[in-house]
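K.L.:
sequence first, then the predicted structure:
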Amino acid sequence: MTVSTDAEWFKTAVFYEVLVRSFADSNNDGIGDLKGLSSKLDYLQWLGIDCLWLPPFFPSPLRDGGYDVADYTGVLPELGTVDDMRDLLTATRERGMKVIIDFVMNHTSDAHPWFQASRSDPSGPYGAFYVWRDQPEEYLDARVIFIDSISSNWSFDEVRGQYFWHRFYAHQPDLNFESPRVLEEILDAVRFWLELGVDGFRLDAVPYLIEQDGTNCENLPGTHEILKKVRKVVDEEFPGKIMLCEANQWPNEVIEYFGDDDECHMAFHFPVMPRLYLGIREGSRASISQILADTPAIPPGCQWGTFLRNHDELTLEMVTEDERQYMWSEYAPDPRMKCNLGIRRRLAPLVDGDRRRIELLHGLLLALPGSPVLYYGDEIGMGDNIWLQDRDGVRTPMQWTEGPGAGFSSAEVDTFPYPLIDSPGYGPEVLNVAAQQADPASLLHWLRDTLAIRRDRPVFGRGDFTDLGGADAVFSFVRSLEGTVVVCVNNLSATAQSVELDVSAWSTSAADVIYGSPAELTLDAELLRLSLAPYAFCWINLGGSGDA
Ligand code: NOJ
Ligand code: CA
């Protein structure tokens, strides 16, 4: 297979977030590593993944899952070496796959040499690398993000005798982007990884790069200026490489991160994610339809990143207070399931392991505008462990086989970074890749088959989106691209539903089902009528317009 030379490959790609530490252990020290990940690329290619996203694998004290970076251009020794990373990039390229890596621009670990130098030598070369103040009096309108753990964005440093600013944990001091030297250092690290061959970056926590008193210190113009400078370097020196931003913000704020096709190529669509769970719980499309109606058009060279789960809590920052309370009451019945403004659970347990709802959520993910970003383990319906600290309960070792170490590692299980899942119905003895690969009726095969249907149809990646409205319990929309028209009908409710959809705006000579088993399907007088079983969805190609 050859690597796509299409500069807009990301518009039709399927992404897969994989925690190196938790995926596969090559040297049996109990810790997943880059070589282990390389050994699993055939599996990921078989599944239909186009691009891996690797969260931080850099040297780090690991007090925030590696988002506390102590060296931007190294590899945490227990995960491997820069050469292992180069080998991984070669091996992915040989399979026609790509790799983006996390880049944590906003802050470093307090163990980073820059911070150590900054605290001990205020007038030295790193003195201004962080945001230092004599008193914690500025930026008080900025919210605290990790509300479970910290109460202030300022902490006092005994060594320097000043306060430093941090939007996350106190061991993650924010870099001071008012100092041009900070950006220069960051750009050097960006160049390092692009030269090594990565295909782009997932940019962590970008809304917080610049602070300004009297504002909430999010999405400020100076922050966008910084990102545009990064994009300029990427475009000029490494054309074709992408920037995907993590800005957990409302649609009208997020679209600013695309700029005028001169900032990020992609941005996660945070607000739509919780509404998919809300929709299937309420049996109502209202909230999903509303947020998509509120989502402005994006520049031609850009794409949304959509997702159901990731390595963090299922964030409820981008819903109303009423919706948040509803989500907590329905999806976090045990108080331990709450985490910050979210829920520390994986996809399958959130929907009681119900195949219909797991498939429906994926059906929405794959058909809505944007490139889907899957989370490792969700393809087999892996479980979680809410009793692990912070967000670790959704970061447990991948379950490959039923053996004692689940095929993740042959080391003693108590050396693993996190314990294997052992909750009833979710342990490796009943839930693993090997068993599901051997079973054509498994969730894994279902997802692979459904990804293959999507892969053959660029309309899902590049097409226009039209909400067809209609019955509240059924979310129906059209994706269309150059004569290809696909109607996607999703029964969000626990009861069978019949719908009548006006598709007169499109060519309607024929209706071919490309996914699903709708009953009583008819097309006459430009009305599409069909029935769907509880939580079922279907994709219908209209007008005999062809598949691609
Ligand atoms: C967002 C990351 O996804 C999360 O895991 C991390 O804790 C914060 N940014 C801080 O870097
Ligand atoms: Ca290892």
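P.N.:
Thanks, I have it. Ligands and ions are numbered 1, 2, ... in the order given.
K.L.:
centre of this structure to the edge, which residue is at the far end?
P.N.:
Most distant from the centre of the chain: Ala525, at 41.6 Å, with distances by Cα atoms, centre = their mean.
K.L.:
what residues are up against that residue?
P.N.:
By Cβ atoms under 8 Å, 6 or more residues apart in numbering, no residues touch Ala525. Placement of C-beta: from N, CA and C, glycine included.
K.L.:
quick one: residues contacting Ser26.
P.N.:
By Cβ under 8 Å, 6+ apart, the residues touching Ser26 are Asp33, Lys35, Gly36, Ser38, Ser39.
K.L.:
switch to 10 Å and redo it
P.N.:
By Cβ atoms under 10 Å, 6 or more residues apart in numbering, Ser26 lies in contact with Gly32, Asp33, Leu34, Lys35, Gly36, Leu37, Ser38, Ser39, Lys40, Gly80, Asp84, Ser409.
K.L.:
what about Phe460, how many residues nearby?
P.N.:
Phe460 has 26 neighbours, counted by other Cβ atoms under 10 Å.
K.L.:
all helices in the stretch 201-350 of the chain, in order from the N-terminus.
P.N.:
Under the criterion DSSP state H, counting those that start in this stretch, helices of the stretch 201-350 of the chain are mapped to 221-237, 251-254, 272-282, 286-293, 321-331, 347-350.
K.L.:
adding distance to Ala533 and mean neighbour count, write those out as TSV.
P.N.:
Converted to TSV, these look like this (distance: least, Cβ to Cβ, whole Å; neighbours: other Cβ atoms under 10 Å):
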stretch	distance to Ala533	mean neighbour count
helix 221-237	46	16
helix 251-254	32	18
helix 272-282	14	23
helix 286-293	20	17
helix 321-331	22	15
helix 347-350	20	24
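K.L.:
nearest to ligand 1, of those helices?
P.N.:
When these are compared by Cβ to the nearest ligand atom, helix 272-282 sits nearest ligand 1, at 13.2 Å.
K.L.:
mean confidence for that closest one?
P.N.:
What helix 272-282 shows for mean pLDDT is 98.
K.L.:
residues contacting the residue nearest to Gln172 when sequence neighbours are not counted?
P.N.:
The spatially closest residue to Gln172, leaving aside those adjacent along the chain, is His107, at 4.3 Å (Cβ to Cβ, 6 or more residues apart in numbering). Listed by Cβ under 10 Å, 6+ apart, the contact set of His107 reads 64, 67-69, 115, 130-131, 165-169, 171-175, 204-205, 208-209.
K.L.:
likewise Asp204?
P.N.:
55-56, 67, 69, 102-107, 168, 245-246.
K.L.:
nearest to ligand 1 among these?
P.N.:
Relative to ligand 1, the closest of these is Tyr67; by Cβ to the nearest ligand atom it sits at 3.3 Å.
K.L.:
does the closest one belong to a helix, a strand or coil?
P.N.:
Reduced to three states with DSSP: H, G, I helix; E, B strand; the rest coil, the structure at Tyr67 is coil.
K.L.:
now do it: how many residues are near it, please.
P.N.:
Residues near Tyr67, counting by other Cβ under 10 Å, number 23.
K.L.:
go ahead and confirm it touches Pro55.
P.N.:
Yes. If you go by Cβ atoms under 10 Å, Tyr67 and Pro55 touch, sitting 7.7 Å apart.
K.L.:
which neighbours do the two share?
P.N.:
With Cβ under 10 Å, 6+ apart, Tyr67 and Pro55 have common neighbours Asp102, Val104, Asp204, His311, Asp312.
K.L.:
what angle separates the helix or strand that contains the first one from helix 221-237?
P.N.:
I take that to be Asp102. Here Asp102 sits within strand 98-103, counting by DSSP states H and E. Put simply, strand 98-103 runs at 140 degrees to helix 221-237, going by axes from the mean of the first three to the mean of the last three Cα atoms, to 10 degrees.
K.L.:
quick one: strands adjacent to strand 98-103?
P.N.:
Partners of strand 98-103 in the sheet, by DSSP bridges, are strand 51-54 (parallel), strand 200-203 (parallel).
K.L.:
state the mean pLDDT of that strand.
P.N.:
Here the average pLDDT along strand 98-103 is 98.
K.L.:
can I get that strand in CSV, CA atoms only?
P.N.:
Extracted C-alpha coordinates of strand 98-103, given in CSV (Å, rounded to 0.1, in the frame of the first residue of the first chain):
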residue,chain,number,x,y,z
LYS,A,98,0.1,8.1,9.2
VAL,A,99,1.0,9.2,12.7
ILE,A,100,0.2,12.4,14.5
ILE,A,101,1.6,13.1,18.0
ASP,A,102,0.5,15.2,20.9
PHE,A,103,2.3,18.5,21.3
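K.L.:
which one of the strands paired with strand 98-103 lies closest to ligand 1?
P.N.:
In terms of Cβ to the nearest ligand atom, the element of those nearest to ligand 1 is strand 200-203, at 8.6 Å.
K.L.:
list the buried residues in the lowest-mean-pLDDT helix or strand in the chain.
P.N.:
Ranked by mean pLDDT, DSSP states H and E, the helix or strand of the chain with the weakest confidence is strand 519-524, at a mean of 94. Going by neighbour count (16 or more other Cβ atoms under 10 Å), the buried part of strand 519-524 is Leu521, Leu523.
K.L.:
then stretch 347-366?
P.N.:
347-351, 353, 356-366.
K.L.:
and if you look at stretch 392-404?
P.N.:
Across stretch 392-404, burial judged by 16+ other Cβ under 10 Å covers Asp392, Gly393, Val394, Arg395, Thr396, Pro397, Met398, Gln399, Trp400.
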